[in-house]
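Student: sequence first, then the predicted structure:
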Amino acid sequence: AQSVAQPEDQVNVAEGNPLTVKCTYSVSGNPYLFWYVQYPNRGLQFLLKYITGDNLVKGSYGFEAEFNKSQTSFHLKKPSALVSDSALYFCAVRGDAGGGNKLTFGTGTQLKVEL
Amino acid sequence: NAGVTQTPKFRVLKTGQSMTLLCAQDMNHEYMYWYRQDPGMGLRLIHYSVGEGTTAKGEVPDGYNVSRLKKQNFLLGLESAAPSQTSVYFCASSPFTTYEQYFGPGTRLTVT
């Protein structure tokens, strides 16, 4: 069975500072990894994905994520945080053995960016 | 192009009542999903569909039924609502080839 862990319920960052939201995963076979963002009272929005290739993946709104196979991690990063980045972030994994593109989501990390 | 839409946005039910949530997508995606989101638990897959006329159980299917009679629609039914089904429900769709899922705005359901 596949699983995702987001070890921090909340991350606080000052605006302009770099941010990292952590994610580790467990899956059989090659992992397909995703980050989504959820703003209050909205659905999830896709940010970026890793399927294969370069370990550093760039996505929407200046976010990027680094795939580390040996540490089974896929941390989300941004060089300079904005107050508008404050939201709930979800990491998700799809194992390549599964059908239907089913994703398993982490429990989410609340990012708070303060002035 | 509306993407994924959900009807209704809010609903309050009494225990034992039934209802159907409608999801529609206009992106011609093959796959569709129903999730529930509860505080501290992330999103959990209820049922999903890999094509018109097919459905399959997800992680938490008990108490729910689904149907996909048309490719663009995916219905989630609660036959006899229980307070434990109070949640926010999200529908999503995904193309066969690119793996990411596209989400609707959600339905907030309260069962009293």
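Tutor: Here it is on my side, so go on.

Student: list the contacts for the closest residue in space to B:R36 that isn't next to it in sequence?
Tutor: Distances taken as CB to CB, 6 or more residues apart in numbering or on different chains put B:S87 closest to B:R36, at 4.3 Å, once the chain neighbours are dropped. For glycine as for every other residue, the C-beta is placed from the backbone atoms N, C-alpha and C. Contacts for B:S87 (CB atoms under 8 Å, 6 or more residues apart in numbering or on different chains) come out as B:R36, B:Q37, B:D38, B:L109.

Student: can you check B:K57 too?
Tutor: Counting by CB under 8 Å, 6+ apart, B:K57 has contacts B:H47.

Student: could you do the one 3 residues further on as well?
Tutor: Contacts of B:V60 were listed using CB under 8 Å, 6+ apart, and they are B:R36, B:R44, B:L45, B:I46.

Student: could you redo the last one with a cut-off of 7 Å?
Tutor: Counting by CB atoms under 7 Å, 6 or more residues apart in numbering or on different chains, B:V60 touches B:R36, B:R44, B:I46.

Student: pick the one among the residues you listed closest to A:G59.
Tutor: B:R44 (24.3 Å; CB to CB).

Student: the closest one: neighbouring residues, count only.
Tutor: 16 (other CB atoms under 10 Å in any protein chain shown).

Student: that one is in contact with B:Y35, isn't it?
Tutor: Yes: in this structure, B:R44 is within contact of B:Y35 by CB atoms under 7 Å, at 6.3 Å.

Student: if we can go back for a sec, give me the buried subset of the contacts of B:S87.
Tutor: B:R36, B:Q37, B:L109 (16 or more other CB atoms under 10 Å in any protein chain shown).

Student: before we move on, the earlier item: tell me the one of the contacts of B:S87 nearest chain A?
Tutor: Comparing the contacts of B:S87 against chain A with CB to the nearest CB picks out B:Q37 as the nearest, at 8.6 Å.
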